[in-house]
Structures are given as structure tokens and as C-alpha cells.
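Undergrad: Sharing a model that was predicted from the sequence below.
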Amino acid sequence: MELDMTRIPEHIAIILDGNGRWAKERHRPRVYGHRHGAFNLRDIAKYANSIGVKYMTVYCFSTENWKRPDDEVNYLMNMPVRYFKKFFDTLVTKTNIRYKVLGRRDRIPAALLKTLEDMEEASKDKTGLTLSLCIDYGSYDEITTAVKKIATDVKNGKIEPEDITPAMIEDNLFTKGYPKLDLLIRTSGECRISNFLLWQLGYSELYFTDTYFPDFNEEKLKEAIIDFQNRNRRFGGLNK
Ligand code: IPE
Ligand code: IPE
Ligand code: MG
């Protein structure tokens, strides 16, 4: 089956999972899998951009991933700094990809934060794919922060509780202004959400694949999109 180029999903999210198991199968340390995962992310983002996907939102590091051993956390906080420096040209200058970073910004190391903010700034006027890297991201944290902001507005008399709407909640999430999430992909065979985009997933199509992320290449992404194109989305209504 081929892609229907007239119905490319506008917003795809990916829980990139299985880097560690991919490395283990090769008798290599877990970080070897993270490195290959980063290369793969570059390749599939390029592909998504080339077929006209407008938003790709990827889960890179969760608010729970701090529980991992220090050496793995350190690698995950340092690798992108080296990686983006080395490939800045191919990742930013020579593409029309716009980079965004979603998540808390108060706990990641300063060098990583600077790298990520430089990428955002350098690509802010690009008109191709918006690639959002979710780092120190968790939905419980995101929604709690939104609730606090809205509660503060109520407390200060700016709004009444009756004025609170779903749109107001959306405006206080990291994904403010993003199109609705069409498709969520999780690699590696796990069938759970792990605190990712809980609100945004309201009416998304879900796709789970056994492929570990470093092997989830263009062809596999294309298969996921074709599968999506054969779904019957109803949004609670009836079919036309
Ligand atoms: C996904 O791969 C990357 C991160 C969560 C940082 P994992 O590191 O979770 O790999 P597995 O699930 O242990 O194989
Ligand atoms: C979810 O993967 C987080 C990211 C992909 C960044 P995990 O590997 O951390 O999820 P669990 O622990 O298996 O649910
Ligand atoms: Mg995992």
C-alpha cells in the first residue's frame, strides 16, 4: 500500500522507546542505543518533513527518567549538546525544520538548556516541520502547572470558575497553538502512555509497534501513517 499524499497527518507524536533493549541485543551498553536513536530521529524527522507532516512531537526524556542510573542520565543530558554542535549545519542551517523544546526548563543542565534554546532561536522562522523535543516532560507536571496558572487567575479575580473552558486549559499547556494530535506511535512493544500528552491524546489514533526505536526507520514510519490513513475516525459522531 502507498501513502495517500492528500491525507498526511498534520501532527504525529512518538514515544521513542527500546533504545536500551536494542543495544542489549547487540551486547553493547544502553547508551549505544541512545546514540543510534538520535541518528534515527534525525532521519525520520527529515522524512516526515519531506512528506508534509507539519508537527512531530517526540518523547525524549520524561520527568520520571531522572530515576535512571547517573551515568545514563548524564549521557542523555550531554549527548545532545555534542550532537547538535557537530551537526548544527545539517540539522538547522540546511533544513527548514523548526525546533521546539517542551518540558520543564528548570532542572536540565545549563549547557543542554543553552543548546536547545539556541536551536529554537536559530530555527524560529523556519516553515517546515515543527519538531518538538519533549525533555523533562511529563503530563502530570504539565497539567498541574496549567491548573495552578488558571487557579491564580481565579484567585486574582481575572476570571470566574465558570469561565474555565477546554480551550483555556489548552492555552496553558506546552503545546499551546499546536494542531490536534492525529497519531501517537510507541515503539518497542510496550502498550502504555507513560505520562505523555495525556490531555492532547483525547482523540488521537494509537499505533504500537514491536520495532525498537533505532530500527524505526522511514519505511516503518510510512507503514504507521498508512495504517492511520485506514482508520475510521469518528470523534464521537457517526460516519459520513
Ligand atoms: C527510550 O529508550 C529512550 C528514553 C526513555 C530515554 P529506553 O532507554 O527506555 O530503552 P528500553 O525501554 O530500556 O529498551
Ligand atoms: C517513556 O519511556 C519515556 C520516553 C520515551 C522518554 P520509558 O522507557 O521511560 O517508559 P516506561 O518506564 O517503560 O513506562
Ligand atoms: Mg523504555
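TA: Nice, thanks for sending it over. Numbering: from 1, shown residues only. Ligands and ions are numbered 1, 2, ... in the order given.

Undergrad: Show me what stretch 232-240 is in contact with.
TA: Contacts to stretch 232-240, defined as CB atoms under 8 Å, 6 or more residues apart in numbering, come from residues 203, 205. Quick note: C-beta positions are derived from backbone N, CA and C, even for glycine.

Undergrad: check contacts around the residue in the chain that ligand 1 sits nearest to.
TA: Closest contact between the chain and ligand 1, by CB to the nearest ligand atom, is at residue 20 (2.9 Å). By CB under 8 Å, 6+ apart, the residues touching residue 20 are 30, 33-34.

Undergrad: repeat that with 6 Å
TA: Residues near residue 20 by CB atoms under 6 Å, 6 or more residues apart in numbering: 30, 33.

Undergrad: Now the phi/psi pair for it, please.
TA: In terms of degrees, to the nearest 10, the main-chain angles of residue 20 are phi -70, psi -50.

Undergrad: pLDDT score for it?
TA: Looking at residue 20, its pLDDT stands at 98.

Undergrad: right, and the helix or strand after the helix or strand of the chain with the lowest mean pLDDT?
TA: One helix or strand of the chain scores below all others by mean pLDDT, DSSP states H and E: helix 88, with a mean of 93. Next in sequence after helix 88, counting helices and strands by DSSP states H and E, comes strand 98-102.

Undergrad: For that following strand, C-alpha coordinates in CSV please.
TA: This file holds the C-alpha atoms of strand 98-102, laid out as CSV (Å, rounded to 0.1, in the frame of the first residue of the first chain):
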residue,chain,number,x,y,z
ARG,A,98,11.7,24.4,13.2
TYR,A,99,12.8,23.1,16.7
LYS,A,100,10.8,23.4,19.9
VAL,A,101,11.5,22.1,23.3
LEU,A,102,8.6,21.1,25.6
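
Undergrad: The helix or strand just after it versus strand 98-102: what angle between them?
TA: Of the helices and strands lying after strand 98-102 in sequence (DSSP H and E), the nearest is helix 110-122. Using axes from the mean of the first three to the mean of the last three CA atoms, to 10 degrees, the inter-axis angle of helix 110-122 relative to strand 98-102 is 140 degrees.

Undergrad: Tell me the buried residues in helix 110-122?
TA: 112-113, 115-116, 119 (16 or more other CB atoms under 10 Å).

Undergrad: who touches that helix?
TA: 77, 81, 84, 92, 99, 101.

Undergrad: let's see 7 Å
TA: 77, 80-81, 84, 92, 99-101, 105 (CB atoms under 7 Å, 6 or more residues apart in numbering).

Undergrad: and it, how far from the chain's centre?
TA: 17 Å (CA atoms, centre = their mean, to the nearest Å).

Undergrad: Quick one: mean pLDDT over it.
TA: Per-residue scores along helix 110-122 average to 97.

Undergrad: pull the CA atoms of the helix ranked longest in the chain into CSV?
TA: The longest helix of the chain (DSSP state H) is helix 30-51. Only the C-alpha atoms of helix 30-51 are listed here, as CSV (Å, rounded to 0.1, in the frame of the first residue of the first chain):
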residue,chain,number,x,y,z
ARG,A,30,22.5,1.2,26.8
VAL,A,31,23.9,4.5,25.7
TYR,A,32,24.9,3.0,22.4
GLY,A,33,21.2,2.6,21.8
HIS,A,34,20.5,6.2,22.7
ARG,A,35,23.2,7.3,20.2
HIS,A,36,21.6,5.3,17.4
GLY,A,37,18.2,6.6,18.5
ALA,A,38,19.4,10.1,18.0
PHE,A,39,20.6,9.4,14.4
ASN,A,40,17.3,7.7,13.7
LEU,A,41,15.3,10.6,15.0
ARG,A,42,17.2,12.9,12.6
ASP,A,43,16.4,10.6,9.6
ILE,A,44,12.7,10.1,10.3
ALA,A,45,12.2,13.8,11.0
LYS,A,46,13.7,14.6,7.6
TYR,A,47,11.4,12.0,6.1
ALA,A,48,8.3,13.4,7.9
ASN,A,49,9.2,16.9,6.7
SER,A,50,9.6,15.7,3.1
ILE,A,51,6.1,14.2,3.0
